[in-house]
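Enquirer: Using only what follows, build the 3D model:
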Amino acid sequence: MKILITGANGYIGQRLILSLLSQGHKIVCLVREAYRFDKKKFFNYDGSFYLPDGVELKSHEAKPEDLEVITGDLLDPNSLGNIPEDIDIAYYLVHSMSTKNRNDFDVMEIECARNFSQAIKKTKAQQIIYLSGISNDDNLSRHLSSRKHVEEVLKESKIPLTVLRAAIIIGSGSASFEIIRDLVEKLPFMVAPKWLNVRCQPIAVRNVIQYMTGVIGKQECYDKVFDIGGPEILTYKEMLFGYARVRGLKRWIITLPVLTPRLSAYWLHFITSTNYALARTLVSSLKNEVVCKLGNIQEIIPLKLINYEDAINKALYRISRDEIPSSWRDALNIKTAFCNIFARNAHVPRYGCFFDIRTVKFDRDIDEVRDNVWMIGGKRGWYYFNWAWKLRGNFDKLIGGVGLRRGRRADKDLQVGDAVDFWRVLQADYENRYLVL
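Expert: Numbers count the residues shown, from 1 in each chain. Got it, this is the predicted structure:
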């Protein structure tokens, strides 16, 4: 199938791309700025498909040509003409949770959904799949109300709509997981808002992706709404304690009714890695109980649901191996012209480090120059700010270090190849008498 993904730069979008490619689908990613979408992230340097742990290859080895990137701004209907007509399935994964300085985020979300709905009418799409939030309470937060309103707007396309509503998603790189991790890791004792006693039904990100791919083409899912969640219903306090158990940490939590939503948002912003806009949105929704009530998706897509603590373990395992396929930060907007120019021209290091290579021509014997380089520091000292280096060495000794003697012998015994702080001889060009540092 040919599948369109909006919100392809987002946390769910990038993981969904990996799963759909592994199943043999052709993917079209709609993004605002093509330079921010790293197509190489999904393929190895030899062009082979990057298949992370937990993603099963079900059909064929995906190739770079299976992933197409097109540009378009959902706030500008005139920019959506690039959407191919022969689309079979469309995923709508757009939201404004992290939008800064926009008090009208709900108006913007409706406008985006309406423009998408009008554009997708012109294609051959047979199904729209929308990931929303569980919204079964009467007094919904502004954020959850907006998500629910978007569902109604997407129906205007007259294309069968499948809505999957999730609560907190647990996985490496998810905003919810990072907030839980930061709170528990940083705070042995917490005085927390009363919303920690609200119930929630968290779900592992792996189960979310399985549901999202499982509903493709299933007519029994057309024009239906399904709540999706894990096997446990927990309070937010119980979720914090659950993380602490996994990590073997002892934590104490006291809940107070005096912290307002604004103060709670600032609390999350300063203690955790989330930005204030996202913290404000999350806090406003935490007053609502998010427990599965609608539909029974397990009858249509029976899954082995991952429990909360196992989901935490899987997330920590990915982090320990530095194998995080996506993060909530990936979709953050870049607003200023300077940032846009920088993002277009910055050269990201291929192997994880920058090389600053400089050359200096000299006429002295190369062995003598090399020995002089290796003897910088130690008894000889440094050519600039030598007193500061001595001070640094003395501080090093105070905490049990070796000071400025790190790996050195006495100058008279020094040989090329001995360890030296901050310096490494990388290459010597004997023919041109250059020493490259």
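
Enquirer: how about the helices of the stretch 151-300 of the chain, start to end?
Expert: With helices called from DSSP state H, counting those that start in this stretch, the stretch 151-300 of the chain shows them at 175-186, 205-214, 236-247, 261-271, 276-285, 297-300.

Enquirer: quick one: low-confidence ranges for this structure?
Expert: For the chain, the stretches flagged by pLDDT under 70 are 44-60, 96-103, 258-287, 322-325, 327-355, 378, 396-437.

Enquirer: try it again with 50
Expert: The model of the chain has pLDDT under 50 over residues 54, 101, 333-344, 346, 348-351, 406-437.

Enquirer: Domain ranges for it, per the record?
Expert: Taking the TED database as the reference, the chain has its domains at 2-168+196-230+282-306, 337-436.

Enquirer: Any chance of JSON lines for the ones you listed, columns mean neighbour count?
Expert: In this view, the C-beta of every residue, glycine as well, is placed from N, C-alpha and C. JSON lines is the format used below for these (neighbours: other C-beta atoms under 10 Å):
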{"stretch": "domain 2-168+196-230+282-306", "mean neighbour count": "18"}
{"stretch": "domain 337-436", "mean neighbour count": "11"}
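
Enquirer: Need the ones you listed in CSV (columns: distance to residue 241).
Expert: Shown next, in CSV, are those (distance: least, C-beta to C-beta, whole Å):
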stretch, distance to residue 241
domain 2-168+196-230+282-306, 10
domain 337-436, 36
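
Enquirer: of all these, which lies closest to residue 320?
Expert: domain 2-168+196-230+282-306 (11.8 Å; C-beta to C-beta).

Enquirer: Residue 1 versus residue 199, what's the distance?
Expert: 37 Å (C-beta to C-beta, to the nearest Å).

Enquirer: Then residue 20?
Expert: Between residue 20 and residue 1 the computed distance is 9 Å (C-beta to C-beta).

Enquirer: Residue 87 too?
Expert: For residue 87, the distance to residue 1 equals 9 Å [C-beta to C-beta].

Enquirer: okay but residue 326 is in contact with residue 10, surely?
Expert: Yes - Residue 326 is within contact range of residue 10, at 7.5 Å (criterion: C-beta atoms under 8 Å).

Enquirer: ok, residue 157 touching residue 115?
Expert: No - with contact defined as C-beta under 8 Å, residue 157 does not reach residue 115; the gap is 11.0 Å.

Enquirer: Could you pick out the longest helix of the protein?
Expert: Taking DSSP state H as the assignment, the helix of the chain that covers the most residues is helix 105-120.

Enquirer: how far away is the closest residue to residue 222 other than its chain neighbours from residue 63?
Expert: Spatially, and ignoring its direct neighbours in sequence, residue 222 is nearest to residue 160 (3.6 Å; C-beta to C-beta, 6 or more residues apart in numbering). Note on residue 160: its distance to residue 63, by C-beta to C-beta, is 30 Å.

Enquirer: Residue 130 too?
Expert: Applying C-beta to C-beta, the value for residue 130 to residue 63 is 29 Å.

Enquirer: For residue 162, list the residues it contacts.
Expert: The contact partners of residue 162, taken as C-beta atoms under 8 Å, 6 or more residues apart in numbering, are 127, 128, 129, 130, 215, 221, 222, 223, 224, 226.

Enquirer: would TSV of the residues you listed with distance to residue 68 be doable?
Expert: Shown next, in TSV, are the contacts of residue 162 (distance: C-beta to C-beta, whole Å):
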residue	distance to residue 68
127	19
128	19
129	19
130	22
215	23
221	26
222	26
223	28
224	29
226	29
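
Enquirer: And the residues you listed, which is closest to residue 204?
Expert: residue 226 (16.4 Å).

Enquirer: what's across from that closest one in the sheet?
Expert: residue 164 (DSSP bridges).

Enquirer: Show me what the helix or strand in which residue 13 is found is packed against.
Expert: Secondary structure from DSSP states H and E places residue 13 in helix 11-22. Packing partners of helix 11-22 (3 or more C-beta pairs under 8 Å, 6 or more residues apart in numbering; DSSP states H and E): strand 2-6, strand 26-31, helix 205-214.

Enquirer: closest one to residue 153 among the ones you listed?
Expert: Among those, strand 2-6 comes nearest to residue 153, with 13.6 Å by C-beta to C-beta.

Enquirer: roughly how far out does the closest one sit from the chain middle?
Expert: Once both centres are worked out by C-alpha atoms, centre = their mean, to the nearest Å, strand 2-6 turns out to sit 20 Å from its chain's centre.

Enquirer: in its sheet, what does it sit against?
Expert: In the sheet, strand 2-6 lines up with strand 26-31 (parallel), strand 89-92 (parallel) (DSSP bridges).

Enquirer: distance between the last one and the chain's centre?
Expert: Here the centre of strand 89-92 is set off from its chain's centre by 21 Å, with C-alpha atoms, centre = their mean.
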